[in-house]
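Trainee: Sequence plus the predicted model coming up.
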Amino acid sequence: MTSHLTLSMPRAVLLVLALAATSRGEAPPSAVQTGTPRRVIAADSSTKTLAAISPDGRVEWKIPCGAIHDLHLLPDGHLLYQDGWTQIVELDANRRPVWTYDAKGNGNADRPVEVHAFQRLADGTTMIVESGPARIIEVDSAGVITHEIPLTVQSPSAHSDTRNARTTSAGTYLVAHEKDGVVREYDAAGRVVWEFDVPLFGHDRKPGHGPEAFGDQVYSAVRLDNGNTLIGTGNGHGVLEVAPNKDIVWQVSQRDLPGVVLAWVTQVERRPNGNTILVNCHAGPEQPQILEITPDKQVVWSFRDFTTFGNSLPVAIVLDP
């Protein structure tokens, strides 16, 4: 029998899996993906949920979590995430806590502190960026500080000094300073060795978090293999690739992607195939929360799940099935 239903192979596979699961009495998929289906681990502050979604769109597992701005899948399969602005948790493969760190320690008991970035380093220590105290610390498994550097902050704020930060292969630290609207690169002594002031591109600042807002509240910066820096511009609604001389060599703006409106662009990643993953937070339920785009700005994959997650999904790990 010949069907008159025409589907791409990924969509056809998803349809078959969905029909089979429905016949077994399982819940329908919560996520909608376009392109090759992926496994996604993400967290959302509005639904207070950290969850893994399988390629067929179903929830593999989910746990409650507090406010969150960073998330890592470690080489051993453990997850490093945060449960609120001061608590960092490492979960094993069975989602049992094996390590925790409270930023209220190490001299912060009586002063405001929030954490919006952290990273497990190759030597086993954990880099933690503290907004409020305005410092980067590295702590060992017992939570003892092994290294500390001060941050340069022009507009101090315990909530907005920083967003994401990442180390580089050169041993420096790239920090997105949200309130300053600047990406700064620090050496091990805390000296600023490079910085990039995120432009407003002639637009006026507008308050809010959704597509109607605008600003330079930068969220993320990662150093690419070619030496350029990939930046998620937050409420600048886009992505910038910036050369060492500070020239913008590639840019994605709010309405550059066909059928997509960008809002608060949070985490960004350059994949080995040259495509870019970006997280599209606060864009509303009609927009994808995560996208993969080609260098010529074609959307080759997208993810949307407003059942498991909501409109405050800032962090995601995208895995091939």
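Mentor: Arrived safely.
Trainee: The closest residue to T34 other than its chain neighbours: neighbouring residues, count only.
Mentor: Leaving aside its sequence neighbours, T34 sits nearest to S302 (Cβ to Cβ, 6 or more residues apart in numbering; 4.7 Å). (Glycine included, C-beta is placed from N, CA and C.) S302: 20 surrounding residues under other Cβ atoms under 10 Å.
Trainee: show me what contacts S302?
Mentor: The neighbours of S302, taking Cβ atoms under 8 Å, 6 or more residues apart in numbering as the test, are Q33, T34, G35, V260, P288, I290, L291, E292.
Trainee: let's go with 7 Å and repeat that
Mentor: Q33, T34, G35, P288, I290, L291 (Cβ atoms under 7 Å, 6 or more residues apart in numbering).
Trainee: I'd like to know which of those residues are part of strands.
Mentor: Q33, T34, I290, L291 (DSSP state E).
Trainee: Adding pLDDT, write those residues out as CSV.
Mentor: Below are those laid out as CSV (pLDDT from 0 to 100):
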residue, pLDDT
Q33, 98
T34, 97
I290, 98
L291, 98
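Trainee: returning to what we had before: in the host helix or strand of the residue nearest to T34, what counts as buried?
Mentor: S302 is part of strand 299-304 when elements are defined by DSSP states H and E. Across strand 299-304, burial judged by 16 or more other Cβ atoms under 10 Å covers V299, W301, S302, F303, R304.
Trainee: Next: stretch 131-151.
Mentor: Those would be S131, G132, P133, A134, R135, I136, I137, E138, V139, G143, L151, for stretch 131-151 by 16+ other Cβ under 10 Å.
Trainee: Same check on stretch 149-164?
Mentor: So, applying 16+ other Cβ under 10 Å, buried residues of stretch 149-164: L151, V153, S157, S160, D161, T162, R163, N164.
Trainee: Identify, from those, the entry nearest to A109.
Mentor: Nearest to A109 among these is D161, at 18.6 Å by Cβ to Cβ.
Trainee: Just give the closest residue to the closest one, not the sequence neighbours.
Mentor: D161 sits nearest to S131 (Cβ to Cβ, 6+ apart), 3.7 Å away.
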